[in-house]
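**Q** fold the stuff below for me.
(one chain, ligands or ions: 1)
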Amino acid sequence: MKVTVTQIFLLLLLSLVHSFAEQRSSEEEEVERSQFPSGFLFGAATSSYQIEGAVLEDGKSPNNWDVFCHIPGGIKNGDTGDIADDHYHQFLEDIEIIHSLGVNAYRFSISWSRVLPRGRLGEVNPKGVMFYSKIIDNLLLKGIEPYVTIYHHDHPQELEERFGAWLSPLMQEEFVHFAETCFENFGDRVKYWTTINEPNLLAEMAYLWGRYPPAHCSAPFGNCSSGNSDTEPLFVLHNMLLSHAKAANIYRHKYQLKQGGFIGIIANTLMCEPLRDIELDREAAKRALAFYIAWMLDPLVFGDYPPEMRQYHGNELPRFTSEETKLLTQSLDFIGINHYTTLYAKDCIHSTCSSDGDRAIQGFVYLTGERHGVPIGERTGMRRFFIVPRGMEKIIEYVKERYNNMPMFVTENGYSPPEKEDEQEEDLVQDAKRIEFHKAYLAALARAIRNGADVRGYFIWSLMDNFEWVYGYNTRFGLYYVDRQTLRRTPKLSARWYANFLTNSGHNHVEDANPGSFKIKDAYFLD
Ligand code: BGC
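**A** Take a look at the predicted model:
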């Protein structure tokens, strides 16, 4: 039988239409609470610096972000976290709005400089401890599980000035002291601890691009007054991993059995797809994940950096002692995953790339959100965040496969709309796009769970509009709208949608999520 060119063309067209339709329908799938396991945590997330304000109140010392925000030109519109959402004074009202969502968990972080204003050199600040104790107690009273991040980007400025904070191994003992202060004061009530939020993103933003404090970088990545983008991110991440491992070790030995909680860490994740349909870019996409995600997770599961990194980096990639390897590999009960975007990856080993992709620190990969000018997914308010729900399923699959299906939580996933001039509250609270976003990402997550991934919770970033780091307050991720003049919180359409989604279910009580019935496989009880 002879096949004509037209027939081949028609066949190709048909298969394209079919795969497009398949993709659309799987991404538009309806999602329901009942598709998630019983005991699944559904929450919203925030972090101390982004919402608290009360910059120097009740004994809090200045932290790295307090100082950074006051350097002219650092933050969009000159915004600072001095007042933020004034959560420090409005936390009781905020717990009411958390409760009204019907969530069974709330993720927040502890401000280091509020609890230990001078780090190890000074005393614990009782007012700082009291603030978080009240939050925890009031959450529990409402049946909401506190899910606590010990460190989310903010530390006392004094540590920066004394020894260069994360650049120095001295930071490890400081962190362990801070973490232990948290276990001691809150661990009787907190069952879910995450030590550090996104070491990989922090290393990159602060020491490669120089956009977060202490703004270190070098060419071609940026023009900072000091730093070395090719090596410093490696040292900083190394110190963060060892800090996590040592803190987890203390938790296991002194607190875990008595307090009965679990400890993990949070990775910033992105998904990568090949830019060109060629083997080189398929390899580049894998390499990008190794150099960004496995960079921080491999040492915690296997005891060393990924082989790809050892292959392309020289001696600048630090080594772990056998003692450290042991601590690292016993330090995780679960993995926290923050997921927002998918990007295209282009190989830079054999192909020509712009200068920043052409470096070992980037795994010789160039990442972009566009192919021939067409974005990989709908654009959002963040330059590198595109709406690609299938990325959620793929990233969960990646972590599941690489780390032997260790328990996971999606600790952040969220949407901010592109900024428009003169946008009013009335428009911003009508956030149908955010609802669409969460439905699609939750449907993708449900598919990953149906495929066997051990995912145990999902937190929307964020509870309310807040200080979006270098983008300031105009980038709005909240389920609640926050008026910058009055600081009044108003539920957006998405808050009502989330509440509806959660109440149409029989499995939303905190008892279902009780860690007693929450069997973590392979939890390490060393005593
Ligand atoms: C961070 C949040 C941040 C969010 C949106 C995450 O990397 O943990 O603090 O607000 O992304 O950019």
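**Q** how about Ala448, what does it touch?
**A** 392-393, 396-397, 400, 455 (Cβ atoms under 8 Å, 6 or more residues apart in numbering). For glycine as for every other residue, the C-beta is placed from the backbone atoms N, C-alpha and C.
**Q** backbone torsions only: list them for it.
**A** phi -60, psi -40 (degrees, to the nearest 10).
**Q** now check the host helix or strand of Thr269, is it near the ligand?
**A** Thr269 is part of strand 262-274 when elements are defined by DSSP states H and E. Yes: judged by Cβ under 6 Å from any ligand atom, strand 262-274 and the ligand are in contact via Asn268.
**Q** residue numbering should commence at 53 henceforth.
**A** Fine by me, first position is 53 from now on; the one you just mentioned is strand 314-326.
**Q** might one say that Leu153 is in contact with Asn552?
**A** No: Leu153 sits out of contact with Asn552 when judged by Cβ atoms under 8 Å, with a separation of 10.1 Å.
**Q** higher neighbour count, these two?
**A** Neighbour totals were compared for Leu153 and Asn552, and Leu153 leads with 24 against 11 (other Cβ atoms under 10 Å).
**Q** against the ligand, how distant is that one?
**A** 18 Å (Cβ to the nearest ligand atom, to the nearest Å).
**Q** same check on Thr377?
**A** For Thr377 relative to the ligand (Cβ to the nearest ligand atom), the value is 28 Å.
**Q** element containing that residue?
**A** With DSSP H and E as the criterion, Thr377 is inside helix 374-381.
**Q** what's downstream of that helix, the next helix or strand?
**A** Following helix 374-381 in sequence, per DSSP H and E, is strand 386-399.
**Q** pick out the residue closest to the middle of the chain.
**A** Asn390 (3.4 Å; Cα atoms, centre = their mean).
**Q** does it touch Thr463 like I think?
**A** Yes: the criterion here is Cβ under 8 Å, and Asn390 meets it with Thr463 at 5.6 Å.
**Q** overlap in contacts of the two?
**A** 249, 318.
**Q** how about the contacts made by Glu477?
**A** 533, 535, 542.
**Q** neighbour-wise, which of the residues you listed leads?
**A** Tyr533 (19 neighbours).
**Q** quick one: buried residues of the helix holding Thr377?
**A** 376-377, 379-381 (16 or more other Cβ atoms under 10 Å).
**Q** before we move on, what about stretch 529-542?
**A** 529-534, 539, 541-542.
**Q** just the strands in the stretch 403-552 of the chain please.
**A** 417-420, 422-423, 426-427, 430-431, 438-439, 460-465, 507-513, 532-534, 541-543 (DSSP state E, counting those that start in this stretch).
**Q** show me the contacts for Ala106.
**A** 112, 138, 140-141.
**Q** most widely separated two among those residues?
**A** Lys112 and Asp138 (14.0 Å; Cβ to Cβ).
**Q** higher neighbour count, the two?
**A** A count of neighbours by other Cβ under 10 Å puts Lys112 above the other of Lys112 and Asp138, at 23 against 17.
**Q** my guess is the more buried one meets Arg170, correct?
**A** No: counting by Cβ under 8 Å, Lys112 stays clear of Arg170, with 11.2 Å between them.
**Q** where exactly do the helices run in the stretch 203-352 of the chain?
**A** 209-215, 222-238, 251-259, 284-302, 309-311, 331-341, 347-354 (DSSP state H, counting those that start in this stretch).
**Q** nearest to the ligand, out of those?
**A** Ranking those by proximity to the ligand (Cβ to the nearest ligand atom) places helix 251-259 first, at 5.3 Å.
**Q** what about that closest one, near the ligand?
**A** Yes: judged by Cβ under 6 Å from any ligand atom, helix 251-259 comes into contact with the ligand at Leu253.
**Q** which strands or helices does that helix pack on?
**A** If contacts are counted by 3 or more Cβ pairs under 8 Å, 6 or more residues apart in numbering; DSSP states H and E, helix 251-259 sits against helix 284-302, strand 314-326, helix 347-354.
**Q** sorry, back to before: could the helices of the stretch 203-352 of the chain go into a markdown table alongside mean neighbour count and mean pLDDT?
**A** As requested, the helices of the stretch 203-352 of the chain are exported to a markdown table (neighbours: other Cβ atoms under 10 Å; pLDDT from 0 to 100):
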| stretch | mean neighbour count | mean pLDDT |
| --- | --- | --- |
| helix 209-215 | 18 | 98 |
| helix 222-238 | 21 | 99 |
| helix 251-259 | 24 | 98 |
| helix 284-302 | 23 | 99 |
| helix 309-311 | 14 | 98 |
| helix 331-341 | 20 | 98 |
| helix 347-354 | 22 | 98 |
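**Q** so what sits opposite the nearest residue to Ile501 once chain neighbours are set aside in the bridge?
**A** Distances taken as Cβ to Cβ, 6 or more residues apart in numbering put Val507 closest to Ile501, at 5.4 Å, once the chain neighbours are dropped. Under DSSP bridges, the beta-bridge partners of Val507 are Met460.
**Q** what sits against Val507?
**A** Taking Cβ under 8 Å, 6+ apart as the test, what Val507 contacts is 92, 448, 459-462, 497, 500-501.
**Q** what of Leu219?
**A** Here Leu219 is in contact with 259, 268, 284, 287-288, 291 (Cβ under 8 Å, 6+ apart).
**Q** please repeat the previous calculation with a cut-off of 10 Å.
**A** Contacts for Leu219 (Cβ atoms under 10 Å, 6 or more residues apart in numbering) come out as 212, 258-259, 266, 268, 279, 284, 287-288, 291.
**Q** and for Leu380?
**A** Leu380 touches 293-294, 296-298, 300-301, 350-356, 372, counting by Cβ under 10 Å, 6+ apart.
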